[in-house]
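S.K.: Fold the following and give me the result.
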Amino acid sequence: MDLVLRAARVITPDGERRADVGVEDGRIVAVAEHLDGDAVVELADDEVLLPGLVDTHVHVNDPGRSDWEGFDTATRAAAAGGVTTIVDMPLNSLPPTTTVAALKAKQESARDKAHVDVGFWGGIVPTNLDDLADLHDAGVFGFKCFLIHSGVDEFPHVTDDQLRAALTGLRSRDALTIVHAEDPHDVTEPGPGYRGFLDSRPHRAESHAVATVVGLAEETGARLHVLHLSSGEAVSRVRAAKERGLRLTAETCPHYLTFVAEEIGDAATEFKCCPPIRDAANREQLWQALRDDVVDLVVTDHSPCTPDLKQGDFATAWGGIASLQLGLPAVWTQARQRGHALTDVVRWMATNPADLVGLGAKGRIAPGADADFCVFAPDDAFVVDRARLRHRNPVTPYHGRPLAGVVRQTWLRGQPVGDRPRGLLLTRS
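M.R.: Alright, predicted model coming up:
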């Protein structure tokens, strides 16, 4: 074998164990004890070997808005956070990824800049329903749509009828559709402070929109996924849909599992995101939904912007949280307090996201998988300093927050991630 990583704690699909992980040509070929290889790397006693994380909800914004975030900085931040695969969202770049030509422009922007592997979502907007089959065949991992204004005019939201038409048109390809589920009829103009913003996007906006998604899943038989679930009240609709055997999955994000509305000040616009961060009791409902496997995965919804766009008040500031580098320690900090193990975190942040998009060789330490690893020290700790983040713009609500768990090293296909880009551009097989 080219390489053996030796660790007292390895997170495998069968649980945590002592093991050596053997690698040949960038793939895992053995997980056993007492392996030999051309090179042997022994982890420190306080380190755990995790599979590289898979973040399927990342806004890179390149081309067109690379001053918000570009592929070089985004993938450096991903690697610093133990993430070895990202799937890039179709909006906030110019052009948005709603045609094959736009996908090619996106791929060209990423080429030779990616420090981790990168895949791409396509988008569904009212004007591109005839382009979806070609986009699917070009290799996007699925399609994102909004049921409410997206935040940028060049990516308009769809009506229920337009989404139904898209799902029907994609039925023969069994494509995955991922939905920003807030009902515009329940959303009002926000006030300048946090309470006014929170009240403008109430629980019922998510609950009603999730009901729409569930109805379309039942009507069309399509695979549908609810993005960034923030409302504990909407969880019951997801639970009922799963109990009825509908092909519906859901995600939440580290900021919904970490922060609470009670602690957000009226000037703290770095916390603004849509849907909003809700109260402490709601946070515990989301943790229970993860415990019950009603919510399937945790991804960052990394949505950065330039600092000037975060100025002003909650009515005018850009809605998005940059956290690509911090997702793992943020989730681990909260998970360990609630009795969860690293095996749970790996399931939510590596295995399940990989499975969502059909990347069976990612998100697990098992023979045949890519040799993507995160070396994690779960009992180490640090205080977040925005100046030390690899994101292009140092704006984050995590600044000054103590977090448990330190990513010591990240490996991509059997090589430590360094300054030279080594990431591949992935397409759906």
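S.K.: Keeping just the C-alphas, turn the helix ranked longest in the chain into PDB.
M.R.: Of all the elements of type helix in the chain, the one with the most residues (DSSP state H) is helix 203-220. Only the C-alpha atoms of helix 203-220 are listed here, as PDB (Å, rounded to 0.1, in the frame of the first residue of the first chain):
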ATOM      1  CA  HIS A 203     -42.900  29.400  11.800                       C
ATOM      2  CA  ARG A 204     -46.000  29.100   9.600                       C
ATOM      3  CA  ALA A 205     -44.100  30.300   6.600                       C
ATOM      4  CA  GLU A 206     -41.900  27.300   6.700                       C
ATOM      5  CA  SER A 207     -44.600  24.900   7.800                       C
ATOM      6  CA  HIS A 208     -46.900  25.900   5.000                       C
ATOM      7  CA  ALA A 209     -44.100  25.700   2.400                       C
ATOM      8  CA  VAL A 210     -43.000  22.300   3.700                       C
ATOM      9  CA  ALA A 211     -46.700  21.200   3.300                       C
ATOM     10  CA  THR A 212     -46.500  22.300  -0.300                       C
ATOM     11  CA  VAL A 213     -43.300  20.300  -0.900                       C
ATOM     12  CA  VAL A 214     -44.800  17.200   0.800                       C
ATOM     13  CA  GLY A 215     -47.900  17.500  -1.400                       C
ATOM     14  CA  LEU A 216     -45.800  17.700  -4.600                       C
ATOM     15  CA  ALA A 217     -43.700  14.700  -3.500                       C
ATOM     16  CA  GLU A 218     -46.900  12.700  -3.000                       C
ATOM     17  CA  GLU A 219     -48.400  13.900  -6.300                       C
ATOM     18  CA  THR A 220     -45.400  13.400  -8.500                       C
END
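S.K.: That one - contacts with which helices or strands?
M.R.: Helices and strands touching helix 203-220, by 3 or more Cβ pairs under 8 Å, 6 or more residues apart in numbering; DSSP states H and E, are helix 160-169, strand 223-226, helix 232-243, strand 248-252. Placement of C-beta: from N, CA and C, glycine included.
S.K.: Can you lay out the ones you listed as CSV showing mean pLDDT and distance to residue 49?
M.R.: Formatted as CSV, the helices and strands packed on helix 203-220 follow (pLDDT from 0 to 100; distance: least, Cβ to Cβ, whole Å):
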stretch, mean pLDDT, distance to residue 49
helix 160-169, 97, 40
strand 223-226, 98, 29
helix 232-243, 97, 32
strand 248-252, 98, 25
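S.K.: Now tabulate the ones you listed in JSON lines and tack on mean neighbour count and distance to residue 202.
M.R.: Formatted as JSON lines, the entries for those read as follows, by neighbours: other Cβ atoms under 10 Å; distance: least, Cβ to Cβ, whole Å:
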{"stretch": "helix 160-169", "mean neighbour count": "18", "distance to residue 202": "20"}
{"stretch": "strand 223-226", "mean neighbour count": "24", "distance to residue 202": "17"}
{"stretch": "helix 232-243", "mean neighbour count": "19", "distance to residue 202": "9"}
{"stretch": "strand 248-252", "mean neighbour count": "24", "distance to residue 202": "18"}
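S.K.: Would you mind saying which of these lies nearest residue 9?
M.R.: For these, distance to residue 9 was read as Cβ to Cβ. The smallest value, 26.4 Å, belongs to strand 248-252.
S.K.: Note down every partner strand of the closest one and its orientation.
M.R.: Using DSSP bridges, the strands paired with strand 248-252 are strand 223-226 (parallel), strand 297-298 (parallel).
S.K.: Is it possible to get JSON lines of those strands that adds distance to residue 133?
M.R.: Output for these, formatted as JSON lines (distance: least, Cβ to Cβ, whole Å):
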{"stretch": "strand 223-226", "distance to residue 133": "16"}
{"stretch": "strand 297-298", "distance to residue 133": "27"}
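S.K.: so which of the ones you listed comes closest to residue 182?
M.R.: The closest approach between residue 182 and any of the strands paired with strand 248-252, judged by Cβ to Cβ, belongs to strand 223-226 at 10.7 Å.
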